[in-house]
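**Student:** Next input, structure requested:
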Amino acid sequence: MPSATSKNEDEITNPGAAAKKELLHLDFLDGIRALCALYVLLGHVWLQVWPRELGKVPTGIVLLCTRWMSFGHFAVTVFLVISGFCLMLPVVRSGELRGGVLGFFKRRARRILPPYYAAMAFSLVLIYTLIGHKTGTHWDVSLPVTARGLLVHLFLVQNLVHSDQINHAFWSIGTEWQIYFLFPLLIVAWKKFGSVPTTVAALVVSYGLYVLVNHFKSLHIIAPYYLAMFVLGMFASTLAYSSEEKWVSIRQRIPWLWGAAALLAVVIALCAHFSPENPHTVVLDYLVSFVFLGVLVHCSTELSSRLRQMLCWKPLLFVGGFSYSLYLVHAPLIQLVWQYIVNPLHLSSTNTFVLTAALSVAVSLVVAYMFYRVAERPFISSKTAKSS
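**Tutor:** Residues are numbered from 1 along each chain as shown. I've put the predicted structure just below:
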């Protein structure tokens, strides 16, 4: 999911003007969020037309040109890296969790929960009025809605019981929400054992949990390895903004962008070998995390970087500003577009995909922005900014 981090939690002390304590908003993060949210949207359009659970896949040149969209879960990996990065920045700057543990949880709850519950209500209304019947698409995994499904979503544990009901994109909200409860403990470990041992431990433990879940099929936890992605984001903030001499030296000596590009090439090559549902793709999620660790450090330290300038393109920044809302509401909107506009035209699967993608992007952007103004923006007040 897009990291719903408050604007002030995206502000850090400019390493080039530390003495002046100049605050710099990391606009490029909104650019990354926008790209990831749009990637998820396109990935779900791809699944809408060729639902993997029904064994449908495109063939030939269409598969060659669109297969990259089937790896949309990589966007969730990036969102969690960004989340760890942003939430760790104030700790790197001050050495403490501002407002204490209780203050942190209050800020996170205010930022995450109101839009989430509003999106739940939005999805339920659409299900009970327009899109509540199975139609042989990926949206079918969200149906029917049971009392159990409603309950687990209310308590944000849908990822622990593998429930896709109501809105199949919501599983990652539960994942990130649960990681927040570990964040204060991670900071304690950071201080007591150091950033490197804590990061390595998180990588080992998260992969161990993944192996355990896959061994015991009765455990229905979705992607427990995302803890590692969050911690790698925390580590990236230390690399990029710590004033300790060893980290200053490391970030100046390593060509972060070149390293990220090399890893990205490896990911692309492996994607050509693995199918998205292959259990070994977890390796790719780890690699993607390291790719964006390098991207974050590079863009944070190279202020005139061409990549940073591209990510700060104004349309991207605009979409990034409401990317959380876009993530929350896009799935039922795709079903609406497909069910009531595209499917009745009886087009070929390729033309169905193209038209569904174009209309879904347009409709989702408009509706998500309106949703943002009503259900998200009111909870990013100046009062919240000052206290978070």
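**Student:** What are the boundaries of the strands in this protein?
**Tutor:** With DSSP state E as the criterion, the chain has strands at 11-13, 23-25.
**Student:** and those strands, which one is worst for confidence?
**Tutor:** Lowest mean pLDDT within the strands of the chain: strand 11-13, a mean of 43.
**Student:** my read: residue 289 touches residue 229, true?
**Tutor:** Yes. Counting by CB atoms under 8 Å, residue 289 touches residue 229, with 4.7 Å between them. Backbone N, C-alpha and C define where each C-beta goes, glycine included.
**Student:** which residues of the stretch 151-300 of the chain fall in helices?
**Tutor:** Per DSSP state H, counting those that start in this stretch, the stretch 151-300 of the chain carries helices over the ranges 171-193, 195-215, 226-241, 245-253, 256-271, 282-301.
**Student:** Quick one: closest of those helices to residue 55.
**Tutor:** The minimum distance between residue 55 and these falls on helix 256-271, with 20.2 Å, by CB to CB.
**Student:** Give me the common contacts of residue 289 and residue 229.
**Tutor:** Shared between the contact lists of residue 289 and residue 229 (criterion: CB atoms under 8 Å, 6 or more residues apart in numbering) are residues 77, 81.
**Student:** Output the below-cut-off pLDDT ranges for the chain.
**Tutor:** Counting by pLDDT under 70, the chain shows low-confidence ranges at 1, 3-25, 217-221, 279, 381-388.
**Student:** Just say which of the helices of the stretch 151-300 of the chain is most tucked in.
**Tutor:** Ranked by average neighbour count under the criterion mean count of other CB atoms under 10 Å, those are headed by helix 226-241 at a mean of 26.
**Student:** before we move on, the earlier item: the helices of the stretch 151-300 of the chain into TSV, with extra columns for distance to residue 363?
**Tutor:** Supplementary listing: those in TSV, determined by distance: least, CB to CB, whole Å:
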stretch	distance to residue 363
helix 171-193	22
helix 195-215	36
helix 226-241	29
helix 245-253	42
helix 256-271	29
helix 282-301	29
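**Student:** Show me which residues of stretch 44-53 are buried.
**Tutor:** Residues of stretch 44-53 classed as buried: 44, 45, 46, 47, 48, 49, 50, 51 (neighbour count, 16 or more other CB atoms under 10 Å).
**Student:** again, but for stretch 148-162
**Tutor:** The neighbour-count check on stretch 148-162 (16+ other CB under 10 Å) flags 149, 152, 153, 156, 158, 159, 160 as buried.
**Student:** dump the residue contacts of the fifth one.
**Tutor:** This points to residue 158. By CB under 8 Å, 6+ apart, residue 158 lies in contact with 149, 152, 164, 165, 170, 171, 174.
**Student:** If we only consider these, which is nearest to residue 215?
**Tutor:** Sorting the contacts of residue 158 by how near they are to residue 215, with CB to CB, puts residue 171 at the top with 20.9 Å.
**Student:** Return the distance of the closest residue to the closest one other than its chain neighbours relative to residue 204.
**Tutor:** Counting by CB to CB, 6 or more residues apart in numbering, residue 159 is the residue found nearest to residue 171 once chain neighbours are left out, at 4.6 Å. Between residue 159 and residue 204 the distance, using CB to CB, to the nearest Å, works out to 21 Å.
**Student:** One more: residue 222?
**Tutor:** Using CB to CB, one gets 20 Å for the distance from residue 222 to residue 204.
**Student:** Next step: the buried residues of stretch 44-53 restricted to helices.
**Tutor:** Of the positions in the buried residues of stretch 44-53, 44, 45, 46, 47, 48, 49 sit in helices, assigned by DSSP state H.
**Student:** Mind putting the residues you listed into TSV with distance to residue 192?
**Tutor:** Formatted as TSV, those follow (distance: CB to CB, whole Å):
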residue	distance to residue 192
44	42
45	46
46	45
47	43
48	47
49	51
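**Student:** circling back to that earlier point, just give me the closest of the buried residues of stretch 148-162 to residue 81.
**Tutor:** Of all the buried residues of stretch 148-162, the one sitting nearest residue 81 is residue 159; the distance, using CB to CB, is 17.7 Å.
**Student:** who's in contact with that closest one?
**Tutor:** Listed by CB under 8 Å, 6+ apart, the contact set of residue 159 reads 171, 172, 174, 175, 178, 221, 222, 223.
**Student:** In the residues you listed, find the pair that's most separated.
**Tutor:** Of all pairs drawn from these, the widest gap by CB to CB lies between 172 and 221 and measures 12.9 Å.
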